[in-house]
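**Q** I'll drop the sequence and a predicted model, then ask my questions.
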Amino acid sequence: MKMLLLFGVITVCWVASRAEDVAYIQIFDFIEQNKTGPNDPAIVLTEVVPDLFTTPEKYTYDLYPLDYMGNLKTPVNASAYELSFQRLKEGSVTYQHPLEEPLVLKPNENAAIFVDEVGADNLLKGSVCHTGPTPVPGLDKAIAMICPTAAGGKEFNLSLFEVVGSNRGCLGCKTGIDLGATVVQDSVHFLIDDTNYYWNISIFYNKREMCNGTDWRFGDSGIYTIVLKETEAAAKEGETEIDYSCYMFTTTEPSNYWMPIWLTLVVLVVIILFIVILVIIDRRYPRLKEETMKRLGYWNPEDEIPLQKTEPDEKEKERKAARLQSLDTFRGLAVTIMIFVNFGGGNYFFLDHAAWNGLSLADFVFPWFMFMVGCSIVLSVQSQLKKNVAKTKILKKVGVRFLKLFLIGVFLNTGVPGGVDLTQLRIPGVLQRIGFTYLVCSVLEILFIPRLTAAENFGGERMKVEDNEYNECGKFLNEEPDIPDKKNSWKYAQNSEGETVIRGGWLSNLLIHTWPQYIVISLFTALWCVITFILPIPGCPTGYVGPGGIADGGLLENCTGGAAGYIDRLVWGSHMYQHPTCKPMYHTTLAHDPEGILGSLTAVLTVYSGVVAGHIVVMLKSSRGSTVGALSVLSVVSLAIGLILSKGTLTGGWVPINKNLWSVSFVAITSASAYFVLAIMYLMIDFFHIWCGAPFNSAGKNPLFLYVGSYIVYSYFPFNWATSQSHGALMLQSVVGTACWLLVGFYLDCKKKYYKI
């Protein structure tokens, strides 16, 4: 019995070891002639066994089903084989043995076998290319393996191969970037470091171009075999020069790039439907639980549901009715996507910032958040003015808040792995930009908007903002304000219900009250344009707004960011962002800070777009349909300005759309989207009441707390954990981390805890 048990253990171990000793062969069919039927032609691999006790394996692969230039990949035992090519001739099998030495395959190694048909007798010839162990490309990368031994049987010195390429997503980049060819056994490997775009590839041998491929598309984590095949021979000065063509085949299928996105969307839809069903059941079938429990015999009379629900407090009803939930919801949506992007967004390129010119989803969320900062400024400052708070006191409060935001932003910049290097501590940042723009727009609102009476406040509406006014805007008191001599006022009239309404158009009244602000904002914008396009930059053309590096043919390598980059490097030195988004694609060597000094001028314009939205919300509060119309008009106007400046393109125009520079066209396009999204949310939440704003409205009441918190505890579970480098695993991590912060926001809202800075 013990002997049998021992024999069984040995057998299992032997089988397991054999299962692990797997190699892979990929057969390429270059037979152009017609095939007569099954087993014609075929490839036979016969294992060379080391002793009499091992049964040799024999693999036969029929090439008949394969199309011309078709291929198949299959696993075999890692061993030594005799390779034979066979085909049927008049019913008999003709064998050929082109390989004098056995085909030796080690565990996890790969070999490419090429089969061709030559001669009048339709004989088969073949060659083998050992491509080495299976490589691991990495996320959004691919590996291509060149097999030159398949090309006419010619002997090549593999070290003389050179591979150059250009990424089609790298706009204006110089061509011929060396892709770093590496010799691996009988093949030459090179790495594609970005599979999100098409590539142009050229292969050189001894400085002569062998072949080139245009618009080749590589998949995420895919492995490809490039075959050099002889095309024609021509006599040239007594020598024969052979021309070649490139054929690319997939050796290892790339990962399913879009599957994590679809799964995430399906899960979100299921969750939304589940919540909707629960809400419907709760509202329309309050007795459903009681009846179900009674039928099951588990009903407790003490749990009896009262027939009439207790009426809520009158002030609570008024507060909920008057509160503009769309403002909190939009702010919450912006901060949620900001957290999701900071968590990686599954490492999808369209959920990351654009390399330079252009737009992605991630490029919208920061402007959206700043837009809502501007909206909050109006409601906060005007509320304090109505309380007769001295302007000096409001200015002091604004200044203190700016300092807090700036210092907290610098503190967040110290959170780097292994400790911060103080000689390279980044000074600018997200919160620093928010603080600066908040300071400027708040000062404009305080200094240039007079201390109005309740009737003069754009529409006769009185506002109230609680102590956390920065985080919670949109609270109004419904009681009638004290309006002195409103009947004789040329600005106001009364409707049929006796309510005070504003006379004249919203645009004219907006300009009457805010024209000094428009002048200052115009000066900020003009200053950005003058510095960007007129300031001379040493060693760079005036008005340059490119990424430098290999862009523009590599001629302006040290001009990254133009005037914006030059000013930041002059002022901040090494205390700025060292890894700009343009670095991986454009191979830039200079630092560039996306929250730099020059871009902060136009960032003020973004926040002031929110200020305008805040004015409209207050002015037209009694006519919410007009609010949607006004926001829509501003959205169209902003969009038109952005399209004109960029000439209707994402990557060109007089003023390209660029987040790194915070260009005027970028401000116009993102502000247009902000007006549009706010109008849609206003319709759905505050007009038609078909959506309560969940789950984003809770996050919108503590946005800075959630944003700062997500930075501080980013490396802790459940917000982060070690996982495989795949889009699916990283998407799961990003979704879970973001969902956790949404739950934190919901909990704080339930507890009525609102934190401000």
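**A** It's in. Numbering: from 1, shown residues only.
**Q** Provide the strand pairings for the helix or strand that contains residue 203, with the direction of each partner.
**A** Using DSSP states H and E, residue 203 sits in strand 199-205. Under the criterion DSSP bridges, strand 199-205 sits next to strand 161-167 (antiparallel), strand 208-216 (antiparallel) in its sheet.
**Q** which of the ones you listed is buried the deepest?
**A** Burial of these is given as mean neighbour count (mean count of other C-beta atoms under 10 Å); strand 161-167 ranks first at a mean of 20. In this view, the C-beta of every residue, glycine as well, is placed from N, C-alpha and C.
**Q** what pLDDT, on average, does that strand get?
**A** Averaged across strand 161-167, the pLDDT comes to 90.
**Q** for the stretch 351-500 of the chain, what spans make up the strands?
**A** 492-494, 500-502 (DSSP state E, counting those that start in this stretch).
**Q** Lowest average confidence across those, which one?
**A** Minimum mean pLDDT among the strands of the stretch 351-500 of the chain: strand 492-494, a mean of 39.
**Q** Helices of the stretch 151-300 of the chain, start to end?
**A** For the stretch 151-300 of the chain, applying DSSP state H, counting those that start in this stretch gives helices covering 259-284, 288-296.
**Q** weakest of those helices in terms of mean pLDDT?
**A** For these, the weakest mean pLDDT is recorded on helix 288-296, namely a mean of 65.
**Q** thinking again about what came up before, could the C-alpha coordinates of the strand holding residue 203 be exported in CSV?
**A** The C-alpha trace of strand 199-205 is given here as CSV (Å, rounded to 0.1, in the frame of the first residue of the first chain):
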residue,chain,number,x,y,z
TRP,A,199,2.4,53.6,-35.2
ASN,A,200,4.6,54.0,-38.3
ILE,A,201,7.4,51.5,-38.1
SER,A,202,10.5,51.2,-40.3
ILE,A,203,13.0,48.3,-40.1
PHE,A,204,16.6,48.9,-41.3
TYR,A,205,19.4,46.4,-41.8
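**Q** mean confidence for that strand?
**A** In the prediction, strand 199-205 has an average pLDDT of 90.
**Q** which outside residues touch it?
**A** 144, 146, 148, 156, 160-168, 175-176, 179, 192, 209-218, 226, 228, 246 (C-beta atoms under 8 Å, 6 or more residues apart in numbering).
**Q** cutoff 6 Å now
**A** 160-166, 209-214, 216 (C-beta atoms under 6 Å, 6 or more residues apart in numbering).
**Q** any idea which helix is longest in the protein?
**A** Looking across the chain with DSSP state H, the single longest helix is helix 506-534.
**Q** buried ones in that one?
**A** Within helix 506-534, the residues scored as buried using 16 or more other C-beta atoms under 10 Å are 506, 509-510, 513-514, 517, 520-521, 524-525, 528, 531-532.
**Q** Show me where the stretch 51-200 of the chain has its strands.
**A** 58-62, 70-77, 80-89, 92-96, 103-104, 109-118, 123-133, 142-147, 161-167, 177-178, 182-184, 187-192, 199-205.
**Q** What strands flank the second one, and is each parallel or antiparallel?
**A** Translated: strand 70-77. strand 22-29 (antiparallel).
**Q** ditto for the longest one
**A** Strands adjacent to strand 123-133 in the sheet, as given by DSSP bridges, are strand 109-118 (antiparallel).
**Q** can you give me the offset of the partner strand from its chain's centre?
**A** Chain-centre distance of strand 109-118: 41 Å, with C-alpha atoms, centre = their mean, to the nearest Å.
**Q** quick check: mean pLDDT across it?
**A** Strand 109-118 comes out at a mean pLDDT of 85.
**Q** In it, which residues are buried?
**A** For strand 109-118, by 16+ other C-beta under 10 Å, it's 109-117.
**Q** same check, this time on stretch 738-746
**A** Buried, per 16+ other C-beta under 10 Å, within stretch 738-746: 738, 740-742, 744-746.
**Q** now do stretch 558-576
**A** So stretch 558-576, judged by 16+ other C-beta under 10 Å, has buried residues 559-569, 572, 575-576.
**Q** So which of these is the closest to residue 646?
**A** Comparing these against residue 646 with C-beta to C-beta places residue 562 closest, at 16.7 Å.
**Q** Verify the contact between that closest one and residue 545 for me.
**A** Yes: with contact defined as C-beta atoms under 6 Å, residue 562 counts as touching residue 545 (4.8 Å).
**Q** So which of the strands of the stretch 51-200 of the chain is nearest residue 400?
**A** Per C-beta to C-beta, nearest to residue 400 of these: strand 161-167, 47.6 Å.
**Q** now that closest one against strand 187-192, angle please.
**A** 20 degrees (axes from the mean of the first three to the mean of the last three C-alpha atoms, to 10 degrees).
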